[in-house]
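**Q** Provided below are the primary sequence and the corresponding predicted coordinates.
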Amino acid sequence: MTVHIEFDPDRRFTDLFELQWGRLATSGERVLRKSARTAEADRLVHAEVNAGNLLWGLADTMYPLQLCRVVDHDLTGPRPQVTTTYRGLPVAGLPGAPLPETLLTIFGDLLLAMQTLAKAGLTHGAILPEFVLWDGSHAQLVNLGEATAVGEPARAALEPLWQPPPGPDGLRLATEAHDVYQAGMVVYCIALQTGPADAPAAREELARGGGSALSALLDGVFADDPRERPDAHQLLRRVEEARYEPVWQSADPSDATTATVHIPQPGSITQQYAPALPPALVARAAMALSPARDEFRRLVEAKRGYRAARAAPRAVAWRYVRETFDVLWYSRDDLSSRIVLGAGALIVLGVPLALVVLVVSHLGGAK
C-alpha cells in the first residue's frame, strides 16, 4: 500500500541517520524518515520495522496514540529507511518543570505505551527524554529501533545512569521492570529539572521529600531488585489515584517534589486552617474516610472497565473502517478502472440473467 507523504526540503544528519521530516498527505500528521548511514543504523532500521509489524499484528488492540507507528519503510536499497509518526517535541526541551497534571499525563501515557509493547512481547529499552514527545495533550514514545524481545539481554548502548541495576543474578534483562525504571527516571528528571541519577541517589533524593506526591508516585520504581519494582498496571493506578486524591504541598510552587494535581488557592480555608490541625485528628479523619475513598476508587475502576468493554467492539470496527478507507484512498487510481470493469461485467451478465428470470416467471404465471 502506497503512502503519500509530503516531505520538507530540509534534511538533518547525525552519526547514524539522515533525518527528514514531513506530513501524511491525507491526515497532515507529522512524520520522520530515518535513512541509515552506517551498519549499526541499518540494524536499528530493521529492528524498528520489525517492531512496527509486531504492533500492527495486535488485532485485538487499537493502536495507541501514545506510541509512534511505522507508516512506510524501504529495506531493499543500499540505505534502508523507515518513516514513523512524530507528534510533538521532546520533553527534554520543556521550559521549566511541567504542571502536575502534565506530569501525570506524560507518565500515564508512557505506561500505556509500555503495556502495548508488552502485548507484542517487546520492551522499548531506550525510554529517554529525547524519545518522549509532548504535544500539549499527550505524550508519544518514539524510536522503536532499540526494542528488544522480553527476556533477551538488554542492550548496553545507553549511558550508565539510564541503565537500571542488574538483577540478583547479575544479568540485566529486557523486562517490563527495565522500562519502568527508565520511564520513572524520565519523570524524575523533568519534575526536578535535573539529570539522571543512579538508583541509590534517586531514592535518597525522593526520601528527602518524604510524603511528597512525586515520592509517592515513584515509590519502588528505583529498587535495585527488578522484582521489587511496581509494574505498569500498579503505576497506572497510582496515576489515576493522584488525579482524584489531593495531598498537602509546599507553599513554594517551585518545589516540584511536592507538585500535585490539587493546589490550594491563596487565602482559601484549606490553606489557612489545614496546617494548624493536630496530626492525631488528621490521622483519625483519614482512617474514617478510608472506606469511602476505597469505595470511590472501586467505582472509578468499575466505570473505566465498563467504558473499555463497551468501546472495544467500536474501536475494532473503527480500525477496520479506517484501514479499508486507506486502501480505497491509496488505490483510487486503479479503483476507477475496476469500477468501470465491474459495472460492465454486471451489465453483460445481469441483463441476460434478468431476461431468463422474467421468461421463467411469465411461463410459470401462464400455467
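**A** Looks like it arrived, so ask away.

**Q** assumed residue 140 was part of a strand.
**A** Yes - under DSSP: H, G, I helix; E, B strand; the rest coil, residue 140 sits within a strand.

**Q** check contacts around the closest residue in space to it that isn't next to it in sequence.
**A** Computed as CB to CB, 6 or more residues apart in numbering, the closest residue to residue 140 that is not its neighbour in sequence is residue 133, at 4.5 Å. In short, each C-beta sits where N, CA and C put it, glycine included. Residues in contact with residue 133 (CB atoms under 8 Å, 6 or more residues apart in numbering) are 86, 87, 88, 89, 90, 91, 139, 140, 141, 142.

**Q** adjacent strands (with direction) for the helix or strand harbouring residue 133?
**A** Element membership for residue 133, per DSSP states H and E: strand 132-134. Using DSSP bridges, strand 132-134 pairs in its sheet with strand 89-90 (antiparallel), strand 139-141 (antiparallel).

**Q** just send those strands back as JSON lines, with mean neighbour count and distance to residue 51 too.
**A** Shown next, in JSON lines, are those (neighbours: other CB atoms under 10 Å; distance: least, CB to CB, whole Å):
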{"stretch": "strand 89-90", "mean neighbour count": "14", "distance to residue 51": "20"}
{"stretch": "strand 139-141", "mean neighbour count": "24", "distance to residue 51": "11"}
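
**Q** so which of these comes closest to residue 42?
**A** strand 139-141 (22.6 Å; CB to CB).

**Q** any idea which helix or strand comes after that closest one?
**A** Using DSSP H and E, the first helix or strand after strand 139-141 is strand 148-149.

**Q** other SSEs contacting that following strand?
**A** On a contact count with 3 or more CB pairs under 8 Å, 6 or more residues apart in numbering; DSSP states H and E, strand 148-149 meets strand 122-123.

**Q** what is the mean pLDDT for the strand it packs on?
**A** Mean pLDDT, strand 122-123: 94.

**Q** same question for stretch 27-43.
**A** On average, the pLDDT along stretch 27-43 is 93.

**Q** quick one: buried residues of that stretch?
**A** Neighbour counts over stretch 27-43 (16 or more other CB atoms under 10 Å) mark 31, 32, 33, 34, 35, 36, 41, 42 as buried.

**Q** from the residues you listed, which land in helices?
**A** 41, 42 (DSSP state H).

**Q** how far off centre is stretch 69-81?
**A** For stretch 69-81, the separation from the chain centroid amounts to 23 Å (computed by CA atoms, centre = their mean, to the nearest Å).

**Q** can you put the strands paired with strand 132-134 in TSV and add distance to residue 343 and mean pLDDT?
**A** Compiled in TSV, the strands paired with strand 132-134 are given as follows (distance: least, CB to CB, whole Å; pLDDT from 0 to 100):
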stretch	distance to residue 343	mean pLDDT
strand 89-90	50	94
strand 139-141	44	96
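
**Q** relative to residue 26, which of the ones you listed is closest?
**A** Closest among the strands paired with strand 132-134, once you apply CB to CB, is strand 139-141, at 19.0 Å.

**Q** now residue 176: how far from residue 143?
**A** 18 Å (CB to CB, to the nearest Å).

**Q** for the chain, where's the lowest mean pLDDT among helices and strands?
**A** helix 269-273 (a mean of 35; mean pLDDT, DSSP states H and E).

**Q** and stretch 139-153, how far from the chain's centre?
**A** Worked out by CA atoms, centre = their mean, stretch 139-153 lies 12 Å from the chain centre.

**Q** actually, stretch 212-225.
**A** Distance, centroid of stretch 212-225 to centroid of chain: 21 Å (CA atoms, centre = their mean).

**Q** okay, now it: how far is its last residue from its first?
**A** End-to-end distance of stretch 212-225 (CA to CA, to the nearest Å): 23 Å.

**Q** what mean pLDDT does it have?
**A** pLDDT averaged over stretch 212-225 gives 91.

**Q** what's the burial count for residue 342?
**A** Residue 342 has 10 neighbours, counted by other CB atoms under 10 Å.

**Q** what distance do you get for it to residue 356?
**A** 21 Å.

**Q** and for residue 30?
**A** Relative to residue 356, residue 30 is positioned 58 Å away (CB to CB).

**Q** same question for residue 307.
**A** From residue 307 to residue 356 the distance is 54 Å (CB to CB).

**Q** swap in residue 105?
**A** 66 Å.

**Q** which of the two has more neighbours?
**A** Between residue 105 and residue 356, counted using other CB under 10 Å, the more crowded position is residue 105 (20 against 10).

**Q** okay, that one: pLDDT?
**A** 94.

**Q** most centrally placed residue in the chain?
**A** residue 66 (2.6 Å; CA atoms, centre = their mean).

**Q** dihedrals phi and psi, the closest residue to residue 65 other than its chain neighbours?
**A** With sequence-adjacent residues excluded and distances taken as CB to CB, 6+ apart, residue 65 is closest to residue 138, at 6.0 Å. With angles defined as degrees, to the nearest 10, residue 138 sits at phi -140, psi 160.
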